[in-house]
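**Q** Task: produce atomic coordinates for the following.
(one chain, ligands or ions: 2)
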Amino acid sequence: MSLHIHDLRATLEDGTEILKGVTLDIPKGEVHAIMGPNGSGKSTLSKVIAGHEGYLVTGGSVTLDGQDIFSMSIDERSRAGIFLAFQYPSEVPGVSNANFIRAALQARLPQGEELDAVAYYHRLYAKMDLLEIDRKFTARSVNEGFSGGEKKRNEVLQLMMLEPLYGILDETDSGLDIDALKIVAKGVNAMRAPHRGFLLITHYQRLLDYIKPDYVHVMAEGRIVRSGGPELAHELEKDGYEFLKDLAPA
Ligand code: ADP
Ligand code: MG
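**A** Ligands and ions are numbered 1, 2, ... in the order given. The predicted structure is shown next:
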């Protein structure tokens, strides 16, 4: 049982190829990190998996427990258990944070079944306490006027409430100070489980000090060019991405 990406190719709508054959298998229970220079296609990969518009899949496959995710709508992918925390989370004016998450959970229940409001708020507050999010955020519009760090913590709150099978976190560490980073890591670590996998996309090694990955992959020019254990992240931190210039062009 895994999230399996095979020889995935994707272009922008103008035909520019961004993903040039990405292959990656993330079994449940594992945390994989993707690092790489800016512009290498990391966010594109996460958005193509989540079903973001603006990209065309031109080859390869992505399956969740053997099921082709490209045959599913964005909503179906989400309900099937794929959660993407965006690099740049959107604001949703007029919808309170509490109602937003509640609607997402309600949508996952069988027809006619009502989410228990008391139990919902009980859980929500417990997760908010863990992530050190002030209670007043329940009533505020989703991400509206939130600082960068608050948005990122809010993404992790959604992740914790929705309990996906796969959490994809796109640079959830960027713009966080060390205390906020530790809080985000605490949330993610609390969600690690044998039945759940993670794909952490990060430009810096720092996050991986707090969320220890099982595997680290380097993405460059739309491909995974190196894979290794956690030590690869340290190596990249020390030596940078210099080695990439020696690679043959795609
Ligand atoms: P990363 O997350 O690794 O920094 P991205 O996936 O964001 O990389 O971007 C990969 C490349 O694709 C970059 O050159 C970027 O400018 C381009 N790109 C991605 N999405 C778009 C888009 N919607 N419109 C135009 N260019 C895009
Ligand atoms: Mg990115």
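
**Q** Within range of ligand 1, give me the residues from this protein.
**A** Contact residues (CB under 6 Å from any ligand atom) of the chain with ligand 1: Leu12, Ile18, Gly36, Asn38, Gly39, Ser40, Gly41, Lys42, Ser43, Thr44, Gly54. Just so you know, the C-beta spots here come from the backbone N, C-alpha and C atoms, and that holds for glycine as well.

**Q** OK, contacts around the first one?
**A** Residues counted as contacts of Leu12 (CB atoms under 8 Å, 6 or more residues apart in numbering) are Ile18, Gly54, Tyr55, Leu56.

**Q** again, but for the last one
**A** Contacts were defined as CB under 8 Å, 6+ apart; by that measure Gly54 touches Leu12, Glu13, Lys47.

**Q** Which residue would be the closest one in the protein to ligand 2?
**A** Minimum separation of the chain from ligand 2 (CB to the ion) falls at Ser43, amounting to 3.2 Å.

**Q** Enumerate the positions of stretch 221-234 that are buried.
**A** Going by neighbour count (16 or more other CB atoms under 10 Å), the buried part of stretch 221-234 is Glu221, Gly222, Arg223, Ile224, Val225, Arg226, Pro230, Leu232, Ala233.

**Q** average pLDDT across it?
**A** Averaging pLDDT along stretch 221-234 yields 95.

**Q** Contacts (any at all) between ligand 2 and it?
**A** No - remark: stretch 221-234 sits outside contact range of ligand 2, by CB under 5 Å from the ion, the gap being at least 12.7 Å.

**Q** pull the CA atoms of that stretch into PDB?
**A** Only the C-alpha atoms of stretch 221-234 are listed here, as PDB (Å, rounded to 0.1, in the frame of the first residue of the first chain):
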ATOM      1  CA  GLU A 221      15.100  20.100 -13.500                       C
ATOM      2  CA  GLY A 222      11.900  18.000 -13.100                       C
ATOM      3  CA  ARG A 223      13.500  14.700 -12.100                       C
ATOM      4  CA  ILE A 224      14.700  12.900  -9.000                       C
ATOM      5  CA  VAL A 225      18.400  12.900  -9.400                       C
ATOM      6  CA  ARG A 226      19.600  11.400  -6.100                       C
ATOM      7  CA  SER A 227      18.100   9.500  -3.300                       C
ATOM      8  CA  GLY A 228      19.500   8.500   0.100                       C
ATOM      9  CA  GLY A 229      18.900   8.400   3.800                       C
ATOM     10  CA  PRO A 230      18.700  11.400   6.200                       C
ATOM     11  CA  GLU A 231      22.400  11.900   5.900                       C
ATOM     12  CA  LEU A 232      21.900  13.100   2.300                       C
ATOM     13  CA  ALA A 233      20.100  16.200   3.700                       C
ATOM     14  CA  HIS A 234      23.100  17.000   5.800                       C
END
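
**Q** May I have the phi/psi pair for the residue sitting furthest away from the middle of the chain?
**A** For the chain, the largest distance from the centre (CA atoms, centre = their mean) belongs to Gly112, which lies 30.5 Å off. Main-chain dihedrals, Gly112, degrees, to the nearest 10: phi 90, psi -10.

**Q** will you turn the residues of the chain next to ligand 1 into TSV that also has secondary structure and pLDDT?
**A** Supplementary listing: the residues of the chain next to ligand 1 in TSV, determined by DSSP: H, G, I helix; E, B strand; the rest coil; pLDDT from 0 to 100:
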residue	secondary structure	pLDDT
Leu12	strand	98
Ile18	strand	98
Gly36	coil	94
Asn38	coil	91
Gly39	coil	95
Ser40	coil	96
Gly41	coil	97
Lys42	helix	96
Ser43	helix	95
Thr44	helix	97
Gly54	coil	95
